[in-house]
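*Asks:* Pasted the sequence and its predicted model underneath.
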Amino acid sequence: GEESTNRRLVQLDFYRLLLSRLEGIGLSTIDACLYYVSEDQPQDRLIRARARTEEEILATLAEGIPEQSDED
């Protein structure tokens, strides 16, 4: 569902930000995606990271890390 997708995208944002900081490279140069082979429909398997700024990501993370689920 949409909530599950949003939770996954927050996780992906965090990974992008972490890589940016660790490698000292611009966040905008890092593309990322998640691929869920367990999804029945092929169009539901690929989830691409949103083009978000560091400030947007940090604001979302400040609201709290989403709880993990058994689906992740």
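*Replies:* Nice, I can see it.

*Asks:* which residues touch Arg45?
*Replies:* Going by Cβ atoms under 8 Å, 6 or more residues apart in numbering, Arg45 touches 35-37, 39. Any C-beta I mention is one placed from the backbone N, CA and C, and that applies to glycine too.

*Asks:* out of these, who's nearest Arg52?
*Replies:* Among the contacts of Arg45, Tyr35 lies closest to Arg52 (Cβ to Cβ), at 19.7 Å.

*Asks:* Name the nearest residue to Ile57, sequence neighbours excluded.
*Replies:* With sequence-adjacent residues excluded and distances taken as Cβ to Cβ, 6 or more residues apart in numbering, Ile57 is closest to Asp13, at 4.5 Å.

*Asks:* same deal with Arg16?
*Replies:* Among residues not flanking Arg16 along the chain, Ile30 sits closest, at 4.9 Å (Cβ to Cβ, 6+ apart).

*Asks:* distance of that neighbour from Ile47?
*Replies:* 15 Å (Cβ to Cβ, to the nearest Å).

*Asks:* And Thr5, by the same measure?
*Replies:* For Thr5, the distance to Ile47 equals 6 Å [Cβ to Cβ].

*Asks:* Neighbour count: those two, which is higher?
*Replies:* Comparing Thr5 with Ile47 by neighbour count (other Cβ atoms under 10 Å), the higher total belongs to Ile47, at 18 against 12.

*Asks:* from memory the more buried one sits against Arg7, does it?
*Replies:* No - with contacts defined as Cβ atoms under 8 Å, Ile47 does not count as touching Arg7, sitting 10.6 Å away.

*Asks:* The spatially most central residue of the chain: helix or strand, and which one exactly?
*Replies:* Centroid check for the chain by Cα atoms, centre = their mean gives Leu12 as the closest residue, at 1.9 Å. Secondary structure from DSSP states H and E places Leu12 in helix 2-23.

*Asks:* Quick check: what element follows that helix along the chain?
*Replies:* Using DSSP H and E, the helix or strand that directly follows helix 2-23 along the chain is strand 33-35.

*Asks:* neighbouring strands for that next one, and are they parallel or not?
*Replies:* When pairing is defined by DSSP bridges, strand 33-35 lines up against strand 46-48 (antiparallel).
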